[in-house]
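K.L.:
Fold the stuff below for me.
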Amino acid sequence: MNTAKISPWKKTRVDELTEVLNSDGVVGIVDVGGVPASNMLDMRSNLRDSMKITMAKKTLIRIAWENSGRSNEELDILFEGAAQPCIVQSENLNPFELFIELEKTRQGRSAKDGELAPMDIIVEKGPTSFGPGPIVGEFNAVGIPAKIEKGKVAIPKTTTVVEKGQPISGDLGMMLAKLDIHPIEIGIILTGAMEDGFFFPASTLNVDLDQIRTDIITATSGAFNLACNMRWFSEQTIPTLLAKASGEALSVAVEAGVTNETTTPLFISRANARALALAGQLDSSALDEELSAALGAAASAASVSVASSAASETVAETAEEEEGEEEEAEFGGLGDLFG
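P.N.:
You can find the predicted model right below:
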């Protein structure tokens, strides 16, 4: 396109737009068509910290797009269906986060005469908040069935009053508003974005990030558990495998009576417990003061332990039931990985 014929102020504006398009981060196109000025000011104010929205005519955006070395085919996709396109740029958000933030600006408004229905407009069956009066005739006049039921105006059957793509009359739009139906959606709608040379149409950005995050965690946990059970040695599995092997080795050593610096404290503890159990079966006159004190301390600790066990018994039983088929697994998934 020949930029030599562009007037000086347009040339300056194109240079500014080109600079925005060449900025770091994510660059995209948004549609603000139909958004009232007051709503637009509020939306931009809420988004100011995370992104920059630059308004310009389509022609100037196209020239700047070409000057930035981008594909016209991609711009045509971004312009498709955009009544009033603007440039959006963010260094803080990726394309998916940008889409989510802009989706929050969507809101409905009443339909004006002649506007096309963005979807089938359906009035659901049920009571309304209106009392008997002329409004019954007003509803019926625009194709919304209404009658009096139990002292209130009611819609006797679910009705599609306008099909998608058909014009909405001004009277119908007014009556829909009385039913709190605002079919015309406005907002700063992202049509697509680019980051690091990759093009993302809006249809590819509308994803459930929470579900994806859950799926990744589940898959990672399953892979870790499988790797441990098949003894797959890696940076992630070795600590868990070593801990399990150490525990099994200690158990074998204790049962075999192997004495070393690790097993000796366990043997002493076991012997002490057996001695106290035996002492508890003797008459108190046969015990010295030290042994009597030890038995008293053990009895106090046991009573506290019993009370605690009783309080948690139901929780423990529930946990055992929930383990079900997993109780035979050798590893506990990501829990083992993070200790």
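K.L.:
Just the pLDDT at the residue most central in space within the chain, thanks.
P.N.:
Compute the mean C-alpha point of the chain, and by Cα atoms, centre = their mean the closest residue is residue 210, 3.4 Å away. Note for residue 210: predicted pLDDT of 83.
K.L.:
again with residue 164
P.N.:
Note on residue 164: pLDDT of 89.
K.L.:
same deal with the one 10 residues further on?
P.N.:
For residue 174, the model assigns a pLDDT of 92.
K.L.:
Flag every buried residue along the host helix or strand of it.
P.N.:
Using DSSP states H and E, residue 174 maps to helix 170-178. With burial defined by 16 or more other Cβ atoms under 10 Å, the residues of helix 170-178 counted as buried are 172, 173, 175, 176, 178. Just so you know, the C-beta spots here come from the backbone N, C-alpha and C atoms, and that holds for glycine as well.
K.L.:
Can you point out the buried residues in the one helix or strand residue 73 maps to?
P.N.:
Taking DSSP H and E as the definition, residue 73 sits inside helix 72-79. Residues 75, 77, 78, 79 are the ones in helix 72-79 that count as buried (16+ other Cβ under 10 Å).
K.L.:
and if you look at stretch 193-205?
P.N.:
Neighbour counts over stretch 193-205 (16+ other Cβ under 10 Å) mark 193, 194, 195, 199, 200, 202, 205 as buried.
K.L.:
Just the pLDDT for the closest residue to the fifth one other than its chain neighbours.
P.N.:
If I follow you right, that is residue 200. Of all residues beyond its chain neighbours, the one nearest residue 200 is residue 95 (4.5 Å), with distances taken as Cβ to Cβ, 6 or more residues apart in numbering. On the pLDDT scale, residue 95 is placed at 93.
K.L.:
and what of residue 37?
P.N.:
For residue 37, the pLDDT comes out at 84.
K.L.:
and if you look at residue 4?
P.N.:
53.
K.L.:
before we move on, the earlier item: please save the CA atoms from the helix holding residue 73 in CSV.
P.N.:
Only the C-alpha atoms of helix 72-79 are listed here, as CSV (Å, rounded to 0.1, in the frame of the first residue of the first chain):
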residue,chain,number,x,y,z
ASN,A,72,-2.5,-9.7,5.9
GLU,A,73,-4.3,-13.1,6.0
GLU,A,74,-4.0,-13.1,9.8
LEU,A,75,-5.3,-9.6,10.1
ASP,A,76,-8.3,-10.5,7.9
ILE,A,77,-9.1,-13.3,10.4
LEU,A,78,-8.8,-10.9,13.3
PHE,A,79,-11.0,-8.3,11.5
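K.L.:
contacting residues around that helix?
P.N.:
Contacts to helix 72-79, defined as Cβ atoms under 8 Å, 6 or more residues apart in numbering, come from residues 28-29, 58, 61-62, 65-66, 85, 191-192, 194, 199, 201.
K.L.:
now do stretch 42-53
P.N.:
Stretch 42-53 has contacts (Cβ under 8 Å, 6+ apart) with 20, 30, 32, 35, 86-90, 92-93, 98, 101-102, 105, 187-188.
K.L.:
Point out the ones among the contacts of helix 72-79 that are inside strands.
P.N.:
28, 29, 85, 191, 192, 194, 199, 201 (DSSP state E).
K.L.:
now those in a markdown table, with distance to residue 136 and pLDDT?
P.N.:
Conversion of the ones in strands among the contacts of helix 72-79 to a markdown table gives the following (distance: Cβ to Cβ, whole Å; pLDDT from 0 to 100):
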| residue | distance to residue 136 | pLDDT |
| --- | --- | --- |
| 28 | 48 | 92 |
| 29 | 46 | 92 |
| 85 | 44 | 92 |
| 191 | 43 | 91 |
| 192 | 47 | 91 |
| 194 | 54 | 90 |
| 199 | 53 | 90 |
| 201 | 47 | 90 |
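K.L.:
among those residues, which two are most distant?
P.N.:
Pairwise distances across the ones in strands among the contacts of helix 72-79 (Cβ to Cβ) peak at 15.9 Å, for the pair 85 and 199.
K.L.:
wait, what's in contact with residue 60?
P.N.:
For residue 60, the contacting residues are 10, 13, 14, 17, by Cβ under 8 Å, 6+ apart.
K.L.:
Using the three-state scheme, assign the first one.
P.N.:
The one in question is residue 10. helix (DSSP: H, G, I helix; E, B strand; the rest coil).
K.L.:
what's the distance between the nearest residue to it once chain neighbours are set aside and residue 33?
P.N.:
Excluding the flanking residues, the one nearest residue 10 by Cβ to Cβ, 6+ apart is residue 60, at 6.4 Å. According to Cβ to Cβ, to the nearest Å, residue 60 stands 17 Å off from residue 33.
K.L.:
Could you list the buried residues of stretch 115-123?
P.N.:
By neighbour count on 16+ other Cβ under 10 Å, the buried set for stretch 115-123 is 115, 117, 121, 123.
K.L.:
Tell me how many other residues crowd residue 58.
P.N.:
The number of residues packed near residue 58 is 13, by other Cβ atoms under 10 Å.
K.L.:
do residue 167 as well
P.N.:
Using other Cβ under 10 Å, residue 167 is surrounded by 12 other residues.
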